[in-house]
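A.B. asks: predicted model and sequence below, questions to follow.
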Amino acid sequence: MVSNKQKNDDEVFQESIRFHQSGDLSNAQKGFEYLISKYPKSTDLCNSLGTLNLQMGEDKKGCSFLEKSLQINPDQPMISFNLGNSYSIQKNFPKALEFFNITILKAPDYIDAYIKKGELLTGLKIYNEAIACFKNALKLAPKNLQILNSIGINLLELDEAEDALEYFKQCIKIDKTIAIFYNNAGLAAYKINSFNESIEYFNLCINKSPNTGYFYNNRGLSFQALKKLNLAMEDFNKCTSLDPKYPESYWNKSLIHLFQGNYKDGWELYEYRWQSFAKEWARDYPKKLWLGNESIKNKVIFIYPEQGHGDFIQCYRYIALLKDLHPKKIILEVTEPFYKLISSQDLGIEVIGPNIQPSKFDFYSPIMSLPLAFKTEISNVPNKCPYLLTNLNKNKIWEKKFEKSNCLRIGLCWAGNPLHKNNHNRSMLLDDFSELISLPFEYHSLQKGMTHEEQKIIKNSDVIDHQDSLKDFCDTASLIKMMDVIICVDTVIAHLAGALGKKTYLLLPDKSSFLWMNERKDSPWYPSIKIFRQSTLGDWNKPLKELISDLKS
């Protein structure tokens, strides 16, 4: 490089640009830095140095130069767009959104800024804002496939699957050759329980891209929902043959095995949850994960909760089996609603609340790995119930409330956690119980989180509402103990009642959890539970008629 002193500044600038374009970033940097020392308010130099530093991995320095350029001349949408991209890559999402917004403000037709902002909002799970952003972009480009597909994806995340399906159909209408649009339409149809329609979409998708593993996995889910389990298993196997590292298919295979009672293979494959839907909850401790292969005699083992409240109660039974292995100590973490109930069960167990650092331990296990650790088969499910005890002080409080009650007491729970992925199928409406609660029994609501409409119905009925008295599961368990019968859908109430050994009528959708298996009227996990199943998804009439007949008898 010839000395800058022997050239005029324009020559230095042009030479630095050539260095930059040819990949000689070091000499380009020297030239630009020489010039900016003389012209500190040059937007061109700030932009060149900003871009150069970003290329060299000097993100902070690069963004600083680009921001300085915007301060000198705010009317540079390309620069604010580049800043948005850079901050997004750096995972500084507030800054990224700030500069995408600046870009859109300065250039309302800058379609890439809408798309990048929408993608960022989608990644942040701010789905409503992402949809609004993409819809603004759609006004500029009504047939843009990327935008239409992105709106559909965000609607799917909001469980607005019918609307999502319309956007995917638009994509297919514009371009019938792209497999992913058929896949997404299949997912939307699956979410609205149109399983045969979803299979048709997946068939078209696979026809266009026969070597993409996860398309088979998605079709397998629809076969699984239709209880065509052999076809579902074929698809999951095809997926893993094409993509051996795709964890969702192993996880889905586990559910089929468990649903069919093949617990040996089922519990082993169930561990794939940590690479699949549960990976964001996975914990990584320096101590050893215990899956039943090592002796824990005189060792300290730490058990922590996962997934739903019902899953915790289902697997809490294994804590007693752990004690039989003579560990030095068992540390059990529980979620806040369980703390009072579980901490009073066994004083020999150290129970800690959430976000509490456990004392030193030798082994750890997530609670739903315990069925695998104890090699659980249908024939040896530890189903001695009750395995939960209610709080004596709480019992006395409830007993006083029921002193004058001399009728058959029935506890009701008709809906589960709205965040559960199958809640739209497993939950009922309070109105569905209208015939049931017309029978001459005493009804008590165990329901939490009632809607305003449900509260109005309860007030105008003979059902006694205990919502304000149910502060945690310690209260709920004692209330369940006071009942003669529990009638509920598949939620934590079913597990609590089963673990307390309470006579329970469980109403299940046609598409239900693996735990309750297929066609059985009883449960290998809870001897006191009797199951009433839909024969058609969404139709509660038949199981309710059967339940009422049984209750009358």
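C.D. replies: Great, that's in hand.

A.B. asks: can you give me phi and psi for the nearest residue to residue 523 once chain neighbours are set aside?
C.D. replies: Counting by Cβ to Cβ, 6 or more residues apart in numbering, residue 529 is the residue found nearest to residue 523 once chain neighbours are left out, at 4.6 Å. Where you see a C-beta, it was placed from the backbone N, CA and C, and this is true even at glycine. Note on residue 529: backbone dihedrals following degrees, to the nearest 10 are phi -100, psi 130.

A.B. asks: what does residue 215 give?
C.D. replies: Dihedral angles for residue 215 - degrees, to the nearest 10 - are phi -70, psi -40.

A.B. asks: how far away is residue 56 from residue 402?
C.D. replies: Here the criterion is Cβ to Cβ, to the nearest Å. By it, residue 56 lies 75 Å from residue 402.

A.B. asks: wasn't residue 303 part of a strand?
C.D. replies: Yes: assessed with DSSP: H, G, I helix; E, B strand; the rest coil, residue 303 lies in a strand.

A.B. asks: if it is in a bridge, with which residues?
C.D. replies: residue 332, residue 365 (DSSP bridges).

A.B. asks: need the pLDDT of it.
C.D. replies: If you check residue 303, the pLDDT there is 97.

A.B. asks: I'd guessed it sits against residue 334; true?
C.D. replies: No: the criterion here is Cβ atoms under 8 Å, and residue 303 misses it with residue 334 at 9.5 Å.

A.B. asks: domains in the protein, by residue range?
C.D. replies: 175-275, 283-380, 397-552 (automatic domain parsing).

A.B. asks: list the contacts for residue 302?
C.D. replies: 285, 287, 331-333, 358, 361, 363-365 (Cβ atoms under 8 Å, 6 or more residues apart in numbering).

A.B. asks: how about the domains of the chain in a markdown table, adding distance to residue 111?
C.D. replies: A markdown table is the format used below for the domains of the chain (distance: least, Cβ to Cβ, whole Å):
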| stretch | distance to residue 111 |
| --- | --- |
| domain 175-275 | 18 |
| domain 283-380 | 41 |
| domain 397-552 | 34 |
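
A.B. asks: so of the ones you listed, which one's packed in deepest?
C.D. replies: domain 175-275 (a mean of 19; mean count of other Cβ atoms under 10 Å).

A.B. asks: and that domain, how far apart are its ends?
C.D. replies: 34 Å (Cα to Cα, to the nearest Å).

A.B. asks: sorry, back to before: what does the pLDDT read for the residue nearest to residue 523?
C.D. replies: So residue 529 comes in at 98 (pLDDT).

A.B. asks: next one: residue 223
C.D. replies: 97.

A.B. asks: looks to me like it is in a strand.
C.D. replies: No: counting by three-state DSSP, one finds residue 223 to be helix, located in no strand.

A.B. asks: do I have it right that it meets residue 232?
C.D. replies: Yes: between residue 223 and residue 232 a contact is recorded at 3.8 Å, counting by Cβ under 8 Å.

A.B. asks: where in the stretch 1-150 of the chain is pLDDT low?
C.D. replies: 1-7, 9, 12, 19-20, 24-25, 27-28, 31-34, 36, 52 (pLDDT under 70).

A.B. asks: recalculate using a threshold of 50.
C.D. replies: Filtered on pLDDT under 50, the stretch 1-150 of the chain yields the residue ranges 1-3.

A.B. asks: the helices in it, which residues?
C.D. replies: With DSSP state H, counting those that start in this stretch, the ranges of helices along the stretch 1-150 of the chain come out as 9-22, 25-38, 43-55, 59-72, 77-89, 93-106, 111-123, 127-140, 145-157.

A.B. asks: right, and those helices - which one's nearest residue 294?
C.D. replies: For these, proximity to residue 294 was assessed by Cβ to Cβ; helix 111-123 is nearest, at 40.1 Å.

A.B. asks: please export the C-alpha coordinates of that closest one as PDB.
C.D. replies: Provided in PDB are the C-alpha atoms of helix 111-123 (Å, rounded to 0.1, in the frame of the first residue of the first chain):
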ATOM      1  CA  ILE A 111     -40.800  -4.600   2.800                       C
ATOM      2  CA  ASP A 112     -37.700  -6.500   4.100                       C
ATOM      3  CA  ALA A 113     -37.900  -4.500   7.300                       C
ATOM      4  CA  TYR A 114     -41.400  -5.700   8.000                       C
ATOM      5  CA  ILE A 115     -40.400  -9.200   7.200                       C
ATOM      6  CA  LYS A 116     -37.400  -9.100   9.500                       C
ATOM      7  CA  LYS A 117     -39.300  -7.500  12.300                       C
ATOM      8  CA  GLY A 118     -42.100 -10.000  11.900                       C
ATOM      9  CA  GLU A 119     -39.600 -12.900  12.000                       C
ATOM     10  CA  LEU A 120     -38.000 -11.400  15.200                       C
ATOM     11  CA  LEU A 121     -41.400 -11.000  16.900                       C
ATOM     12  CA  THR A 122     -42.300 -14.600  15.900                       C
ATOM     13  CA  GLY A 123     -39.000 -15.900  17.500                       C
END
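
A.B. asks: how about residue 455, what does it touch?
C.D. replies: Contacts of residue 455 by Cβ under 8 Å, 6+ apart are residue 465.

A.B. asks: below-threshold pLDDT in this structure: ranges please.
C.D. replies: 1-3.

A.B. asks: switch to 80 and redo it
C.D. replies: 1-13, 15-17, 19-42, 44-50, 52-56, 58, 61-62, 65, 404-406 (pLDDT under 80).

A.B. asks: can you give me the strands for it?
C.D. replies: Along the chain, the segments classed as strands by DSSP state E run 288-289, 300-304, 329-333, 350-352, 363-366, 409-413, 442-445, 464-465, 485-489, 504-508, 529-533.

A.B. asks: closest to residue 38 among the contacts of residue 302?
C.D. replies: Residue 38 lies nearest to residue 285 out of those, by Cβ to Cβ, at 57.4 Å.

A.B. asks: rewinding a little: which one of the strands of the chain lies nearest to residue 267?
C.D. replies: strand 363-366 (12.5 Å).

A.B. asks: check the offset of the closest one from the chain's centre.
C.D. replies: Relative to its chain's centre, strand 363-366 lies at 22 Å (Cα atoms, centre = their mean, to the nearest Å).
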